[in-house]
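S.K.: Output the structure for:
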Amino acid sequence: MEHTEAKQAMKELTMALLYLSRFCEREKFAEAEHFYAWKGYDFDVLNELDDEDLIRQGSHRSKSVYLTEAGKEYARSLFEKYGIDDWKGTTA
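M.R.: All right, here's what the predicted structure looks like:
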């Protein structure tokens, strides 16, 4: 297994944890599901993920972040990299 620098690992593992701890909100009149996660992580890392359009923080007073499609894809690729299984019975 290749080594990952600590800063990169923190970013990757934060994204993976955001995805694992996600919750879903469905639009009233649409089939779209939107995934959110609570903001309990290092703010510098969250800002970096936001800058890369992997998440959207919205108002900085918000306690949750929105997981973008790119963020969901990135998180799933990290699951493969680290050998993590997603929750059974979830849609993404």
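S.K.: residue ranges for the helices of this protein, please.
M.R.: For the chain, applying DSSP state H gives helices covering 6-20, 43-51, 69-82.
S.K.: shouldn't residue 53 be in contact with residue 68?
M.R.: Yes: contact criterion CB atoms under 8 Å: residue 53 and residue 68 qualify, at 5.7 Å. Where you see a C-beta, it was placed from the backbone N, CA and C, and this is true even at glycine.
S.K.: Mind checking which of the two has more residues around it?
M.R.: Under the criterion of other CB atoms under 10 Å, the comparison of residue 53 against residue 68 puts residue 68 first, with 18 against 11.
S.K.: Would you mind measuring from the more buried one to residue 81?
M.R.: 19 Å (CB to CB, to the nearest Å).
S.K.: so what does the strand ranked longest in the chain touch, helix or strand wise?
M.R.: Ranked by residue count, the top strand of the chain under DSSP state E comes out as strand 33-38. Where contact means 3 or more CB pairs under 8 Å, 6 or more residues apart in numbering; DSSP states H and E, strand 33-38 is packed against helix 6-20, strand 23-26, strand 64-67.
S.K.: Go again with 7 Å.
M.R.: Packing contacts for strand 33-38, counted by 3 or more CB pairs under 7 Å, 6 or more residues apart in numbering; DSSP states H and E, involve strand 23-26, strand 64-67.
S.K.: which parts of it are buried?
M.R.: 35-37 (16 or more other CB atoms under 10 Å).
S.K.: What is the nearest of those to residue 18?
M.R.: residue 37 (4.1 Å; CB to CB).
S.K.: OK, contacts around the closest one?
M.R.: Taking CB atoms under 7 Å, 6 or more residues apart in numbering, we find residue 37 in contact with 18, 21-22, 64-65, 67.
S.K.: 10 Å - rerun?
M.R.: 14-15, 17-23, 55, 64-67, 71, 75 (CB atoms under 10 Å, 6 or more residues apart in numbering).
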